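In: coordinates for the following, if possible.
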Amino acid sequence: MRRIIKLMEDWQFTYQGQKKRLIDLPHTWNAVDGQDGNNDYFRGTCYYEKRIPKPEYTDGERVYLQFHGVNASAKVIWNKAAILTHENGYATFRKDVTDLLQEQNELLVEADNGKNEKVYPQAADFTFYGGIYREVEFLIVPKIHFDLDYYGGPGIQVSTEVRGTTGFVKVRAYTNIGKEQLQREGMSIVLTLSDAEGETAGTAEGAEAVIEVPNAHLWNGVKDPYLYRLTAQIRQGETVIDEIGFACGIRTFSFDPDRGFFLNGESYPLRGVSRHQDWKGLGNAISYRHMEQDMELIREVGANTIRLAHYQHHQHFYDLCDQYGMVVWAEIPYISAHMPKGRKNTFFQIRELIVQNYNHPCIVTWGISNEITISGKYRADMLDNHHALQKFVKELDPGRPTTLACYAMCHPFHPVSKITDLVAWNLYLGWYVPGLFLNDLFLKFYHWKYPRRCLGYSEYGAEGMPNLHSAKPRRGDHSEEYQAKYHEYMLECFARHPFLWSTYVWNMFDFAADARDQGGEPGMNHKGLVTFDRRIKKDSFYIYKAWWSREPFVHLCGKRYKYRAENVTNVTVYSNQRQVSLYQNGQLVETKQGQHAFHFKLRMDKENHLEARAGTLSDKAVIYKAAQPRPEYKVKKGKSQNWV
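Out: Next up is the predicted model:
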């Protein structure tokens, strides 16, 4: 029936007029220069060419050329004729090329991540990698099929309700010939809902239908991410003409300004991380396995929600969020600076995001902008655009609330913060400005001033580098110790303010921002709990694991702070156990009872074999007494440039 032919190998790539070279997809030309600093990575047009033989198909089939991600603008030329353009670097797009096929075909893709005033993003704290960095393929479908020509969507929309113990799966299906012609052809749409064991849970017929599910097994986040499978068929009698299927989660959710987020009627505080999709040395040209490794680490830290920043991510990652119960904030890159010529593009990108991701049970809110007040220009037009986007999103999806992330310097009274259904702030109090206590003051003030507004923390964090250390960690030193100290405070702070509907660490992983020069490694944002190559879990990773994860563990911090000049040093242990003991050279130093973070004072010997024990769990490290502080542990003085 439906078939996919991958077109991933043997492309001719031309970079800045240089000689063509052979590459495979996924690919970006900024995997190196987009990560090395100086804000000089190439932004412009590059060319991808491929000769493609005519695929095998019948007279009763259509052939679509499908792209899952070309950043940022794409012009597709087929046999020397331009057949489509697409101005969204993060979404799926496709074209029916059946009538254009020859025995041998020439495909040319002009990929352009150059600077302009109409396609978002243009100003932001991350690298805008150019290239064809996701799959390209032929999608071969029956001549009559579920619609594929509407903003890259699947041709079907699914929403769910729950009343008592009964679930209701509401389906709207669209075909390429419409309902009336479908009836004239003697065809019908048949819907089947199967449970996780493959047994039929309900059926219905028609382009608009509701499947009733008695005693529905609910999709309940990370606790129980139960998924049904919905199969939709176009039938002519007993013959199946076309078929599609995907996971379906039955759930309800709501937001309360005093009590936060509720999933299936029960309190479910959203505590999680933000994710950028790029990897060290690869940029955004990553594989399914890279996405799965990211999910494994997010699951290990114990998060139950992910802000997928600042653009549409790969469908496979949304599928993983469905599968593992991660509640998702999905958003578009309408970010940092409003562009009057870019208004049309904001509507285009939000429509593609919603149409292509409407059916994912993991998604609970659509983000329409991020830190949009940074530039301060075109205020009236920016506010008008936000009001129009708010109305537009509610028309596209009445069932999910909208949100946005406010810039730290955007005051609580700013009109942009009052447009969306929910609101959140990117605040780095205790990092970019002194005073961790200011987080508590902001939260108390905002909730007092706007008691009916649902408030979240969309970003917070501190730079932390595993090669930098301090006996007296302080703001701005980029040490692994200060980052951990910062996050200890923030977790306690959020526990004091349970009305928050969500909190998102910035960031789960270090990521490339070529305009940055901080911490001695240019081109990077080091606020991740995990390093850019995903090899090192920083100590701050484990304070979150201590709060969020049920997997028993004990973690002895400071392993990389190996040589210490102080006579008495601080030793921190993170654990989700209630009692921790610290041993030095086999001798018990102290046993402490508590939660999450256990702090010890240790008089240094020349060589110190440390062990933290919690029941049968243990973790070890070796540290040494040094005559002088190690200069390599201190951030180098000089230019320390933030992207703005």
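
In: quick one: the strands in the stretch 101-250 of the chain?
Out: Under the criterion DSSP state E, counting those that start in this stretch, the stretch 101-250 of the chain contains strands at 104-112, 131-132, 136-142, 156-163, 166-173, 187-194, 200-205, 208-213, 219-220, 224-225, 228-236, 239-248.

In: okay, those strands in JSON lines with mean neighbour count and distance to residue 555 next?
Out: (C-beta placed from N, C-alpha, C; glycine too.) Shown next, in JSON lines, are the strands of the stretch 101-250 of the chain (neighbours: other CB atoms under 10 Å; distance: least, CB to CB, whole Å):
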{"stretch": "strand 104-112", "mean neighbour count": "18", "distance to residue 555": "43"}
{"stretch": "strand 131-132", "mean neighbour count": "26", "distance to residue 555": "38"}
{"stretch": "strand 136-142", "mean neighbour count": "19", "distance to residue 555": "43"}
{"stretch": "strand 156-163", "mean neighbour count": "18", "distance to residue 555": "39"}
{"stretch": "strand 166-173", "mean neighbour count": "19", "distance to residue 555": "41"}
{"stretch": "strand 187-194", "mean neighbour count": "20", "distance to residue 555": "42"}
{"stretch": "strand 200-205", "mean neighbour count": "16", "distance to residue 555": "43"}
{"stretch": "strand 208-213", "mean neighbour count": "17", "distance to residue 555": "43"}
{"stretch": "strand 219-220", "mean neighbour count": "22", "distance to residue 555": "29"}
{"stretch": "strand 224-225", "mean neighbour count": "16", "distance to residue 555": "27"}
{"stretch": "strand 228-236", "mean neighbour count": "19", "distance to residue 555": "38"}
{"stretch": "strand 239-248", "mean neighbour count": "18", "distance to residue 555": "34"}
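
In: got a list of what the closest residue to residue 293 other than its chain neighbours touches?
Out: Leaving out its chain neighbours, the residue that sits closest to residue 293 by CB to CB, 6 or more residues apart in numbering is residue 534, at 6.1 Å. Taking CB atoms under 8 Å, 6 or more residues apart in numbering, we find residue 534 in contact with 279, 293-294, 297, 509.

In: which among these count as buried?
Out: Neighbour counting by 16 or more other CB atoms under 10 Å classes 279, 294, 297, 509 among the contacts of residue 534 as buried.

In: so the closest residue to residue 382 other than its chain neighbours, which of the three states?
Out: Sequence neighbours aside, residue 338 is the residue nearest to residue 382 in space, at 3.8 Å (criterion: CB to CB, 6+ apart). Of the three states, residue 338 takes coil according to DSSP: H, G, I helix; E, B strand; the rest coil.

In: now swap in the one 10 residues further on and tell me
Out: Remark: residue 348 carries the secondary structure label helix [criterion: three-state DSSP].

In: now render the strands of the stretch 101-250 of the chain as a markdown table, adding mean pLDDT and distance to residue 600.
Out: Shown next, in a markdown table, are these (pLDDT from 0 to 100; distance: least, CB to CB, whole Å):
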| stretch | mean pLDDT | distance to residue 600 |
| --- | --- | --- |
| strand 104-112 | 98 | 54 |
| strand 131-132 | 98 | 49 |
| strand 136-142 | 98 | 55 |
| strand 156-163 | 98 | 49 |
| strand 166-173 | 98 | 51 |
| strand 187-194 | 97 | 54 |
| strand 200-205 | 98 | 54 |
| strand 208-213 | 98 | 54 |
| strand 219-220 | 98 | 39 |
| strand 224-225 | 98 | 38 |
| strand 228-236 | 98 | 50 |
| strand 239-248 | 97 | 47 |
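
In: residue 516: which of those is closest?
Out: strand 131-132 (21.3 Å; CB to CB).

In: partner strands of the closest one, parallel or antiparallel?
Out: Strand 131-132 sits in its sheet next to strand 70-71 (antiparallel), going by DSSP bridges.

In: what's next to the strand it pairs with, contact-wise?
Out: 28, 86, 89-90, 109, 111, 113, 128-134, 284.

In: ok, the contacts of residue 534 vs residue 643, which is closest?
Out: residue 509 (17.2 Å).

In: quick one: mean pLDDT for stretch 461-473?
Out: Stretch 461-473 shows a mean pLDDT of 97.

In: spatially central residue in the chain, please.
Out: By CA atoms, centre = their mean, the chain has its centre lying nearest to residue 308, at 2.1 Å.

In: need the contact list for that one.
Out: 274-275, 317-318, 328-331.

In: please repeat the previous calculation with a cut-off of 7 Å.
Out: Applying CB atoms under 7 Å, 6 or more residues apart in numbering to residue 308 gives the contacts 275, 328-330.

In: same question for residue 145.
Out: Residue 145 neighbours (CB under 7 Å, 6+ apart): 175-176, 242.

In: what about 6 Å?
Out: By CB atoms under 6 Å, 6 or more residues apart in numbering, the residues touching residue 145 are 176, 242.

In: those helices in the stretch 51-200 of the chain, which residues are they?
Out: For the stretch 51-200 of the chain, the helices defined by DSSP state H, counting those that start in this stretch occupy 178-184.

In: any low-confidence regions in it?
Out: Applying pLDDT under 70 to the predicted model, the stretch 51-200 of the chain contains no residue that meets it.

In: isn't residue 469 right up against residue 633?
Out: Yes. Counting by CB atoms under 6 Å, residue 469 does reach residue 633; the two are 4.3 Å apart.

In: where exactly do the strands run in the stretch 501-644 of the chain?
Out: Along the stretch 501-644 of the chain, counting by DSSP E, counting those that start in this stretch, strands occupy 502-505, 511-518, 521-525, 554-556, 563-564, 568-575, 579-584, 587-593, 596-603, 607-614, 617-625.
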